[in-house]
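K.L.:
Have a look at this prediction, sequence included:
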Amino acid sequence: MPDSPWLTPTQAAAGAEVYVMASRFETATLLGAVRFFLKAPGIIGQIRKAPGAHGAALRARVLGRTFLTLSAWEDREALYRFARSEPHRSSSRAASAYMKESAFTFWTVPASELPIAWDEAERRLAERKQGY
């Protein structure tokens, strides 16, 4: 399944630092992966309208039951506001029932470095998993 392209809901100000989050989700079953994937369009639509969202992308490997997300935000609070709002809030609660493993990592970059490359996100997630 192809990666979703990086979307830019609002352009970050020139010279700004942005807050980046990468996540990795693995579902316990293929049915869980399908459920996760079917929720993705609603979450992407929410990101398009979220205040402070500067970018997002999804790497979905449904048959491998693995999903990576990558997003950039004005600041940490903008990310947290998004996570606490609907439909993300209820979707993430529901997903916990079929999730096997999840990992998150956060960092800041100059806005000029957007979009973030998948290899950078995967490297940071791997380092986090290894306890670095």
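P.N.:
Received it, and whenever you're ready, just let me know what you need.

K.L.:
which other helices and strands contact the helix ranked longest in the chain?
P.N.:
Of all segments of type helix in the chain, defined using DSSP state H, the longest is helix 30-49. With contacts taken as 3 or more CB pairs under 8 Å, 6 or more residues apart in numbering; DSSP states H and E, helix 30-49 sits against strand 17-27, strand 53-61, strand 66-73, helix 88-95. No exception for glycine: its C-beta is placed from N, CA and C like everyone else's.

K.L.:
Show me the shaky parts of the protein.
P.N.:
1, 130-132 (pLDDT under 70).

K.L.:
on that earlier part again, just name the most buried of the helices and strands packed on helix 30-49.
P.N.:
Comparing these by mean neighbour count (mean count of other CB atoms under 10 Å), strand 66-73 ranks first with a mean of 23.

K.L.:
so what strands line up beside that strand?
P.N.:
According to DSSP bridges, strand 66-73 has the following sheet partners: strand 17-27 (antiparallel), strand 53-61 (antiparallel).

K.L.:
Adding distance to Arg124, write those out as TSV.
P.N.:
Formatted as TSV, those follow (distance: least, CB to CB, whole Å):
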stretch	distance to Arg124
strand 17-27	6
strand 53-61	14
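
K.L.:
Nearest to Pro5 among the ones you listed would be which one?
P.N.:
When the strands paired with strand 66-73 are compared by CB to CB, strand 53-61 sits nearest Pro5, at 6.7 Å.

K.L.:
CA atoms only: put that closest one into CSV for me.
P.N.:
Extracted C-alpha coordinates of strand 53-61, given in CSV (Å, rounded to 0.1, in the frame of the first residue of the first chain):
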residue,chain,number,x,y,z
ALA,A,53,-0.8,21.5,12.2
HIS,A,54,2.1,22.1,9.8
GLY,A,55,2.2,18.6,8.2
ALA,A,56,1.4,15.0,8.4
ALA,A,57,1.8,11.7,6.5
LEU,A,58,0.8,8.0,7.0
ARG,A,59,2.7,4.9,6.0
ALA,A,60,0.2,2.0,6.1
ARG,A,61,1.3,-1.6,5.8
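
K.L.:
Distance of Asp75 relative to Ala14?
P.N.:
16 Å (CB to CB, to the nearest Å).
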